[in-house]
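Trainee: Here is a sequence together with a model predicted from it:
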Amino acid sequence: MKAVLKTTNPVLLNFAANVLEQEGIGHAVFDENASIMDGSAGFLPRRLMVLDEDFEAAERLLKAAAPEAFL
């Protein structure tokens, strides 16, 4: 699996996950509870993971849907 997006923004993460879901690209969110465990209140980025073979399609979709996330 590869991280197609790393962010501390939960709205962006949810939006990106929905974009992938609508296109039938499976995904998983890693590190979702890491901030809770260390008490950092959301300072650690969460990773949106996709299968290696879906990475290029997922990245292309997300760059089109949310280009500001990839600056």
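Mentor: Yep, it's here.

Trainee: going forward, measure contacts and count neighbours with C-alpha atoms only.
Mentor: Will do.

Trainee: Show me where this protein has its helices.
Mentor: Ranges of helices within the chain are 10-22, 34-38, 55-65, based on DSSP state H.

Trainee: any idea which of these scores lowest on pLDDT?
Mentor: Per-stretch mean pLDDT for the helices of the chain is lowest at helix 34-38 (a mean of 61).

Trainee: Take the helices of the chain and write them to TSV, including distance to Ala3.
Mentor: Converted to TSV, these look like this (distance: least, CA to CA, whole Å):
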stretch	distance to Ala3
helix 10-22	12
helix 34-38	16
helix 55-65	8
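
Trainee: Would you mind putting the ones you listed into JSON lines with mean neighbour count and distance to Leu48 alongside?
Mentor: JSON lines is the format used below for the helices of the chain (neighbours: other CA atoms under 10 Å; distance: least, CA to CA, whole Å):
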{"stretch": "helix 10-22", "mean neighbour count": "15", "distance to Leu48": "7"}
{"stretch": "helix 34-38", "mean neighbour count": "13", "distance to Leu48": "14"}
{"stretch": "helix 55-65", "mean neighbour count": "16", "distance to Leu48": "10"}
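
Trainee: Out of these, which is closest to Met1?
Mentor: With respect to Met1, and counting by CA to CA, the nearest of the helices of the chain is helix 55-65 at 8.4 Å.

Trainee: tell me the centre residue of the chain?
Mentor: Leu48 (2.7 Å; CA atoms, centre = their mean).

Trainee: That residue pairs with what?
Mentor: Beta-bridge partners for Leu48, by DSSP bridges, are Leu5, Val29.

Trainee: List the residues that contact it.
Mentor: Counting by CA atoms under 8 Å, 6 or more residues apart in numbering, Leu48 touches 3-6, 13, 17, 27-30.
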